[in-house]
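Chemist: Here is my input; please provide its structure:
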Amino acid sequence: MLLLLPLLFQLVAAQELMRFGCSQLTIDQIDPLVEPGNVPSAHMHQIVGGNSFNASMTPAQLDPPTAATCTSCTYSEDFSNYWTANVYFKARNGTFKRVPQVVNLGLGVKAGMTIYYIRGYQASAKVTAFPKGFRMLVGDPMNRVAGKVPKGLCWRCEANMQQNPFGGAPCTGSDTPGFPQQACNGGWRMTVTFPSCWDGKNTDSPDHRSHVAYPASGTFESGGACPSTHPVKIPQVMYEGIFDTRQYNNKADWPTDGTQPFYLSMGDNTGHGIHGDYLFGWKDDALQKAMDTKCAGDNCAALKRQSDAQAIACTKAQASKYDIGDTQWLKTLPGATM
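Modeler: Now for the predicted structure:
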């Protein structure tokens, strides 16, 4: 780990990407993007960011930087919300328990996720920050087919908790679009990468996807041009979540046929339903300043940073009141139809 961390920080600085931790805000069965107003929503989520998060977050009703009183992210001007499905382990007797999350390398928050904002790897790149009210979704929770998983969404089987040897860029090498099929001594790393091109008009769309797109040619990293339908280059948002599967590595606890025993919280045991939701909530023009000054890492002079302890202290009570499966085994996944 001592050798790996300097390399990681060098890569972050060289590529001009913001990488910072967001501690766990709450684990709850609500989804203001896909199911606004529903308590509970269809499945459980793990959520980080501003504490204004709730079941109804339409732009006309709520402005996160105004409504929130704290954020679980280390940049204190970021009241955005970031959320994904949870991972559960299914025992041979059919009961479920939530797989815990742990903090990523080089960060001091508690569980939660690592958040990236990537401005592009070209010095002349012009990146436009998201406007007020912006939100988007990537991935499909109903998908069960490997070939339909967007290329920027994947799972990595880590050899150890130090993530050594380094496995390379996300979603390359041995990374897979579905759950790892073997026991992993370092748990799993989940990567969710959002599109980086915007139509320049709509802050949302009926499917929460159509107003954004990936580059028409090449990749975001290589400076690929945005399609004419979505000409505005926006920061590429990426999540990483570390799921500590180590306590479930004993194959004697797995199904007798040897198949892997993990499920996403909506009842998916392939991992191909990997998806992520994003709701923009940076204060004023803070994110645009970060892009213009080429902020890197989690300590940028252009932004205000709070202590890790302050980020960890920002939590929110669960609205759905479901047992999330942390201490007791559950007979079914919370709210999911198996």
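Chemist: and the gap between residue 126 and residue 298?
Modeler: The gap separating residue 126 from residue 298 is 24 Å, by CB to CB, to the nearest Å. Where C-beta positions appear, they are placed from N, C-alpha and C, glycine not excepted.
Chemist: ok, the two, which is more surrounded?
Modeler: residue 298 (22 against 11; other CB atoms under 10 Å).
Chemist: show me the contacts for that one.
Modeler: When contacts are counted by CB atoms under 8 Å, 6 or more residues apart in numbering, residue 298 touches 18-21, 74-75, 107, 305.
Chemist: ok, now how distant is it from residue 51?
Modeler: Taking CB to CB, one finds residue 298 at 20 Å from residue 51.
Chemist: ok, now residue 40?
Modeler: Residue 40 sits 19 Å away from residue 51, taking CB to CB as the criterion.
Chemist: how about the helices of the stretch 51-200 of the chain, start to end?
Modeler: Applying DSSP state H, counting those that start in this stretch to the stretch 51-200 of the chain gives helices spanning 64-67.
Chemist: Do you have the strands of it handy? List them.
Modeler: Using DSSP state E, counting those that start in this stretch, the strands of the stretch 51-200 of the chain run over 81-85, 87-90, 96-98, 101-102, 113-118, 135-139, 153-157, 188-193, 197-198.
Chemist: mind checking the end-to-end distance for stretch 17-29?
Modeler: Taking CA to CA, to the nearest Å, the span from the opening residue of stretch 17-29 to its closing residue is 31 Å.
Chemist: Might you list the low-confidence residue ranges for the stretch 151-300 of the chain?
Modeler: 218-223 (pLDDT under 70).
Chemist: same thing but at 80, please
Modeler: Scanning the stretch 151-300 of the chain for pLDDT under 80 picks out 217-223, 258.
Chemist: burial of residue 109, as a residue count?
Modeler: Around residue 109 sit 23 other residues, with neighbours defined as other CB under 10 Å.
Chemist: I meant residue 145, not that one.
Modeler: By other CB under 10 Å, neighbour count at residue 145 equals 12.
Chemist: Touching, it and residue 273? I think so.
Modeler: No. Using CB atoms under 8 Å, residue 145 makes no contact with residue 273, being 9.8 Å away.
Chemist: Can you tell me which of the strands of the stretch 51-200 of the chain is most buried?
Modeler: strand 81-85 (a mean of 26; mean count of other CB atoms under 10 Å).
Chemist: so for that strand, what's the average pLDDT?
Modeler: Averaged across strand 81-85, pLDDT comes to 98.
Chemist: ok and it relative to strand 135-139, angle-wise?
Modeler: Calculated by axes from the mean of the first three to the mean of the last three CA atoms, to 10 degrees, strand 81-85 forms an angle of 20 degrees with strand 135-139.
Chemist: What pairs with strand 81-85, parallel or antiparallel?
Modeler: Counting by DSSP bridges, the strands paired with strand 81-85 are strand 45-49 (antiparallel), strand 275-279 (antiparallel).
Chemist: neighbouring contacts of it?
Modeler: So strand 81-85 is contacted by 22, 25, 31-32, 43-50, 53, 57, 64, 113, 115, 141, 190, 192, 237, 239, 241, 264-266, 268, 273-279, 281 (CB under 8 Å, 6+ apart).
Chemist: got it, and stretch 308-315?
Modeler: 21-26, 51, 70-74, 76, 107-110.
Chemist: Against residue 202, how distant is the residue lying closest to residue 57 once chain neighbours are set aside?
Modeler: Spatially, and ignoring its direct neighbours in sequence, residue 57 is nearest to residue 32 (3.9 Å; CB to CB, 6 or more residues apart in numbering). Distance of residue 32 to residue 202, given as CB to CB: 18 Å.
Chemist: what's the answer for residue 257, then?
Modeler: 47 Å.
Chemist: Settle it for me: which of the two has more neighbours?
Modeler: Remark: of residue 257 and residue 202, residue 202 carries more neighbours, 14 against 5, as counted by other CB under 10 Å.
Chemist: List the contacts of residue 280.
Modeler: When contacts are counted by CB under 8 Å, 6+ apart, residue 280 touches 64, 80, 130-135.
Chemist: residue at max distance from the center of the chain?
Modeler: No residue in the chain sits farther from the centre than residue 256, which is 32.3 Å out by CA atoms, centre = their mean.
Chemist: any idea how far that residue is from residue 92?
Modeler: 7 Å.
Chemist: same thing with residue 270?
Modeler: The gap separating residue 270 from residue 92 is 19 Å, by CB to CB.
Chemist: what about the two, which has more around it?
Modeler: residue 270 (18 against 11).
Chemist: Tell me who's in contact with that one.
Modeler: Applying CB under 8 Å, 6+ apart, we find residue 270 in contact with 144, 146, 178-179.
Chemist: Neighbours of the closest residue in space to residue 81 that isn't next to it in sequence, how many?
Modeler: Nearest non-adjacent residue to residue 81, counting by CB to CB, 6+ apart: residue 49, 4.1 Å away. The number of residues packed near residue 49 is 28, by other CB under 10 Å.
Chemist: per-residue pLDDT, residue 49?
Modeler: On the pLDDT scale, residue 49 gets 99.
Chemist: quick one, what contacts it?
Modeler: Neighbours of residue 49 in contact, by CB under 8 Å, 6+ apart: 22, 25, 64, 71-73, 78-82, 279, 281.
Chemist: could you dump these to a markdown table with distance to residue 294?
Modeler: Formatted as a markdown table, those follow (distance: CB to CB, whole Å):
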| residue | distance to residue 294 |
| --- | --- |
| 22 | 21 |
| 25 | 28 |
| 64 | 25 |
| 71 | 23 |
| 72 | 25 |
| 73 | 20 |
| 78 | 17 |
| 79 | 23 |
| 80 | 20 |
| 81 | 25 |
| 82 | 22 |
| 279 | 25 |
| 281 | 22 |
